[in-house]
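Undergrad: sequence isn't available, so here's the structure alone:
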């Protein structure tokens, strides 16, 4: 019991307990407590709040008396409470005196206690407000505590507070022989002002700015003096103007000399002391003073010239708030080496990013949902489209491979399509596997990253701007993946189905059989040589065109038989040998060409789809020639009809002049016999096709000339010749050509 009391006296010696007074009162039913309190006695008034808790209100007194051997100590505390908060003046007094001896392991040791402490503290609603004074004299010797058992102190301190902030003059006088302290100064508006004396060394503050510090070494003092001189023009300038000129004021609120003031306040005003905690109602103080130091940034770096600045600007430009905030927070500990003015925009961007952060985190949640949706869609697509299956349509399955049988001249040929451990695929699926795997790889790489909220410290799963861009690209890729595979599979299915249909039809038609065989071979070649989906699709598309072109060419060639039949109807009623000969020639030529084109088409198909262009070119040229030939033949038939009509008309013409009539009749007879003899009496009919066509053309030309001649002669039916003209015509009767020329001139 004595030891406990002794240690309690010592705690009083080291920690002076501050007590509170309030000045407000409330209309409550007050009760009085008087009795044991902690290790002493207390008397105070109180009322009960709505929860039944005691709320001190009114005067408060506490006393305690301790006796150990012949040493005694007393504690007295008095003050005032207002609604549970200390208000007004509080006093705390400790007095202890006496000595005694103890037998410690056979040796008598003298114990000595001599302490006198007096504190005056003022409060306003639990906050220090007004005078804070203490005087402490102590000379204790407690051997049980070893080196800490001898305490000798003489301290006097005085502060003034206003709403928890030290204000006005303060003094500290500590007569400790090892660490004496004699400090005095002034604090105005929360900042040191004017002269501060610390054991004879001077510190000077102007408008809260430290302008002198004799505690520093010479180099530091010289630097401070230089900065003060350089800063003088900007003493009353704005923060922006100071920073433009590479100056700023940095605030210090916990460094020396503030820390020294707090040390002496804490000696006798300690919020952790048990009496303080037991009595309650004390909220302490806010500040023991701050000051500014001039910072000269002439030697500091320009942040805007660093790669880090560029990184932050890029992140901000890309609206990557997460990268910006994370990069900023990681680098901010080194910002002291940069000029504040060069950090200004970056700091503003940071504050802006913090303001946007919560809304962006909310938006980011929707991107995470889209990512999960894409993964589910892809997984479903993979399972339904690339599930293990047995392949139909001329196929078989072997372990680990899909085998496509392609029919060739030498028999069935196996085309292997590797499954890559995923199942048995049709060729289209095999060709598409790389695209699916690439998509899967990209999805697996799109891993969200952790982001710690700089304000609340929570961790979030986020996607960066770059990852969101990748996600949107993957969404688009997936959409195309589905479409591309569907197109590829449909193209392959359609082509194989057509090949199967042709193969079935080949029992009746040699062409279909040949085309089916060639198509199977080409499909097989494509499966072997094309290992990318786009290449395979391009090849299948070319084969589809090849198939369409082959069928089109066959259809056009087959159409020649119909053309011949139609022409036979048109010229079936021909009235002369020439017309029939020409018609027969056309029919024979078409039929022979049809056979030639069947052979050419067959050879081209066997050589590959690129050769079909030659068939198209030859076919187009032949059809062009045939069209011209038909038109010319039809023209000859028309000319022949006109020839017959014209001869009948000319035979009925009566000429007024007998000489003209005589020679006109003679010319008609000669020309008519010439045409009939050359063209209508089977001359040159059995010649080659080109000769027949030339004969046909010549026939048309001569008949047209003959008809023109008859028209000229008809024009002379009313003309009468004079003697000279008659004589002229008679002189030319032996030269039919000259005779015709002369008649035409008339």
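TA: Good, I have the coordinates. None of the values given here were measured: they were computed from a predicted structure.
Undergrad: low-confidence ranges, the stretch 451-600 of the chain, go.
TA: Scanning the stretch 451-600 of the chain for pLDDT under 70 picks out the ranges 506-509, 528, 531, 561-598.
Undergrad: what about the helices in it?
TA: 465-505, 510-529, 533-571, 577-607 (DSSP state H, counting those that start in this stretch).
Undergrad: what's the answer for the stretch 201-350 of the chain, then?
TA: According to DSSP H, counting those that start in this stretch, the helices that the stretch 201-350 of the chain contains are 218-231, 239-244, 258-268, 274-279, 307-317, 321-331, 340-385.
Undergrad: run the chain-centre distance for the second one.
TA: Mean-position distance between helix 239-244 and its chain equals 39 Å (CA atoms, centre = their mean, to the nearest Å).
Undergrad: could you give me the buried positions within it?
TA: Buried residues in helix 239-244, counted by 16 or more other CB atoms under 10 Å: 242, 243. Placement of C-beta: from N, CA and C, glycine included.
Undergrad: can you check the third one too?
TA: Buried residues in helix 258-268, counted by 16+ other CB under 10 Å: 258, 261, 262, 264, 265, 267, 268.
Undergrad: please state the offset of that helix from the chain centre?
TA: With CA atoms, centre = their mean, you get 56 Å for helix 258-268.
Undergrad: one more: stretch 105-116?
TA: Here stretch 105-116 shows a centroid-to-chain-centroid distance of 80 Å under the convention CA atoms, centre = their mean.
Undergrad: any idea of the mean pLDDT in the helix or strand containing residue 613?
TA: Residue 613 belongs to helix 612-651 when assigned by DSSP states H and E. Average pLDDT, helix 612-651: 75.
Undergrad: tilt between that helix and helix 533-571?
TA: Taking axes from the mean of the first three to the mean of the last three CA atoms, to 10 degrees, one finds helix 612-651 and helix 533-571 inclined to each other by 20 degrees.
Undergrad: which neighbouring elements make contact with helix 612-651?
TA: When contacts are defined as 3 or more CB pairs under 8 Å, 6 or more residues apart in numbering; DSSP states H and E, helix 612-651 packs onto helix 533-571, helix 577-607, helix 658-675, helix 689-714.
Undergrad: give me the below-cutoff pLDDT ranges for the stretch 101-250 of the chain.
TA: 144-149.
Undergrad: now the strands for it?
TA: For the stretch 101-250 of the chain, applying DSSP state E, counting those that start in this stretch gives strands covering 107-124, 127-141, 150-162, 165-166, 168-174, 181-188, 191-192, 194-198, 201-206, 209-213, 247-252.
Undergrad: which among those is found nearest to residue 315?
TA: Residue 315 sits nearest to strand 247-252 of all these, at 26.1 Å, using CB to CB.
Undergrad: and the helix holding residue 613, which residues are buried?
TA: Buried residues in helix 612-651, counted by 16+ other CB under 10 Å: 612, 615, 618-619, 622, 626, 629-630, 633, 636-637, 639-640, 643, 646, 650.
Undergrad: what of stretch 440-457?
TA: Of the residues in stretch 440-457, those buried under the neighbour-count criterion (16+ other CB under 10 Å) are 443, 446, 451.
Undergrad: show me what contacts the last one?
TA: Residues near residue 451 by CB atoms under 8 Å, 6 or more residues apart in numbering: 322, 325, 326, 459, 460, 461, 462.
Undergrad: for it, list each beta-bridge partner.
TA: Beta-bridge pairing for residue 451 (DSSP bridges): residue 460.
Undergrad: tell me what residue 104 is bridged to.
TA: In beta-bridge terms (that is, DSSP bridges), residue 104 pairs with residue 107.
Undergrad: any idea how many residues pack against it?
TA: Neighbour count of residue 104, defined by other CB atoms under 10 Å: 11.
Undergrad: and the contacts of residue 451, which are buried?
TA: Among these, those scoring as buried are 322, 325, 326, 460, 462 (criterion: 16+ other CB under 10 Å).
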